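Asker: curious how this folds, go ahead:
(2 chains)
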Amino acid sequence: MTTTLQAFLIVSAGLFSIGLLAALSRRHAIFILIGIELMLAAANLNFIAFWRFAPQPHQPTGVMFAIFSIAISAAEAAIGLAMVIAVYRHYHTTNVDQFDQLKG
Amino acid sequence: MSSAAFVIIAIFTLAAALAAATLQKLMHAALSFAVALVGLAAFFFLLGAEFVGLALVFIYIGAVAVLIVFTILLTRRDVGKNRGFNWAGVLIALAVFGGLTWSILKTQSLSILAPHIRALTVKRIGEALMTGYVWPLQCVGVLLTAALIGALILVMEEKR
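Answerer: Residues are numbered from 1 along each chain as shown, chains lettered A, B, ... in the order given. Alright, predicted model coming up:
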């Protein structure tokens, strides 16, 4: 009994949905960032799984995509957390419902 | 690729991710996030991408999770006031998961087994990074530098 590509894709879909759940339903800015990171991680799992199950996996294209994606999500996390700290200084809260100064 | 290892890692990863998304205490959620990333790195090892798994452990657990914990410690004066939970998000996430699972199971060309490949060594990854992918590599270097400077400017004390 071995694992097919579908099993990996379903686990990745579950991880993506959990990240979406965290990004949509929590009110705390850091939870939203954690949700976005989980969704990016699910995308990385898809890259690696499609690379491994491809008919000719000798070119490391999927691995390269995953490496660059990890680097970009690290930059995204650094900027996102810096923005959380900067906004916290102004509003003294991290609840995203209260960041409504630009609301029309 | 054995099925037992896959099932164990899948349950471990999804349980940790669900804990990261639903736990009330922010610190517990951040630590569950790190545990979920350990599970994801185990998936990468299972798939034969050891270098990416190690990079995930170093970058995500060593840098991103620690950064999240530091941010929680710096902004935790208002813990307890953000207990709101939006149930519409649960419905949307379930709908997305159902749609994705249905379409994955419906596609017959995805139910394939992994072919035998020769191991992807770090030497081959390094050669690919330095030949075919050298422009993306330089662009990522510029992006990381810009992100670092931008993050520093964002959190710098404002002059009155």
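
Asker: any weak-confidence spans in chain A?
Answerer: Scanning chain A with the threshold set as pLDDT under 70 gives A:1, A:57-58.

Asker: quick one: the helices in chain B?
Answerer: For chain B, helices defined by DSSP state H occupy the ranges B:3-22, B:26-46, B:50-56, B:65-74, B:87-106, B:122-130, B:134-155.

Asker: out of the ones you listed, which gets nearest to A:H28?
Answerer: Smallest distance to A:H28 across these (C-beta to C-beta): 6.5 Å, for helix B:26-46. (Glycine included, C-beta is placed from N, CA and C.)

Asker: list the residues that contact the nearest residue in space to B:I125 that is not next to it in sequence.
Answerer: Spatial nearest neighbour of B:I125, excluding adjacent residues (C-beta to C-beta, 6 or more residues apart in numbering or on different chains): B:F51 at 5.4 Å. If a contact means C-beta atoms under 8 Å, 6 or more residues apart in numbering or on different chains, then B:F51 has A:V63, A:I67, B:L120, B:V122, B:I125 as its contacts.

Asker: just A:S69 next, same as before
Answerer: With contacts defined as C-beta under 8 Å, 6+ apart, A:S69 is in contact with A:L40, A:A43, A:N44, A:F47.

Asker: so B:M27 touches B:I72, yeah?
Answerer: Yes. With contacts counted by C-beta atoms under 8 Å, B:M27 reaches B:I72, the gap being 5.9 Å.

Asker: who has more neighbours out of the two?
Answerer: More neighbours surround B:I72 than the other of B:M27 and B:I72, with 20 against 14 (other C-beta atoms under 10 Å in any protein chain shown).

Asker: gap between the more buried one and A:Q6?
Answerer: Distance of B:I72 to A:Q6, given as C-beta to C-beta, to the nearest Å: 37 Å.

Asker: likewise for B:A41?
Answerer: B:A41 sits 22 Å away from A:Q6 when distances are taken as C-beta to C-beta.

Asker: those two - which one has more neighbours?
Answerer: Per other C-beta under 10 Å, whichever of B:A41 and A:Q6 has more neighbours is B:A41, with 24 against 18.

Asker: wait, the more buried one touches B:G53, no?
Answerer: Yes. Counting by C-beta under 8 Å, B:A41 touches B:G53, with 4.3 Å between them.

Asker: now do the residue nearest to B:I125, the pLDDT please.
Answerer: The score at B:F51 is 90. That number is its pLDDT.

Asker: at which residues are the strands of chain A located?
Answerer: Ranges of strands in chain A, per DSSP state E: none exist.

Asker: tell me who's in contact with the residue of chain B found nearest chain A.
Answerer: Nearest residue of chain B to chain A (C-beta to the nearest C-beta) works out as B:G89 at 2.9 Å. Neighbouring residues of B:G89 by C-beta under 8 Å, 6+ apart: A:L20, A:L21, A:A23, A:L24, A:S25, A:R26.

Asker: which residue is the nearest non-sequential neighbour of the second one?
Answerer: To tie it back to what came earlier, the one meant is A:L21. Once flanking residues are discounted, A:L21 sits nearest to B:A93: 3.8 Å by C-beta to C-beta, 6+ apart.

Asker: contact partners for the one you found?
Answerer: Applying C-beta under 8 Å, 6+ apart, the residues contacting B:A93 are A:S17, A:I18, A:L20, A:L21, A:L24, A:S25.

Asker: now with 10 Å?
Answerer: The neighbourhood of B:A93, defined by C-beta atoms under 10 Å, 6 or more residues apart in numbering or on different chains, consists of A:14, A:16-25, A:35, B:21.

Asker: shaky segments in chain B?
Answerer: Where chain B drops to pLDDT under 70, the residues are B:1, B:77-85, B:159-160.

Asker: tell me how many other residues surround the closest residue to B:I9 other than its chain neighbours.
Answerer: Nearest residue to B:I9, sequence neighbours excluded (C-beta to C-beta, 6+ apart): B:A42, at 4.8 Å. Neighbour count of B:A42, defined by other C-beta under 10 Å: 20.

Asker: before we move on, the earlier item: make JSON lines out of the contacts of B:F51 and add neighbour count and distance to A:L102.
Answerer: Below are the contacts of B:F51 laid out as JSON lines (neighbours: other C-beta atoms under 10 Å in any protein chain shown; distance: C-beta to C-beta, whole Å):
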{"residue": "A:V63", "neighbour count": "26", "distance to A:L102": "41"}
{"residue": "A:I67", "neighbour count": "26", "distance to A:L102": "36"}
{"residue": "B:L120", "neighbour count": "22", "distance to A:L102": "47"}
{"residue": "B:V122", "neighbour count": "10", "distance to A:L102": "47"}
{"residue": "B:I125", "neighbour count": "20", "distance to A:L102": "44"}
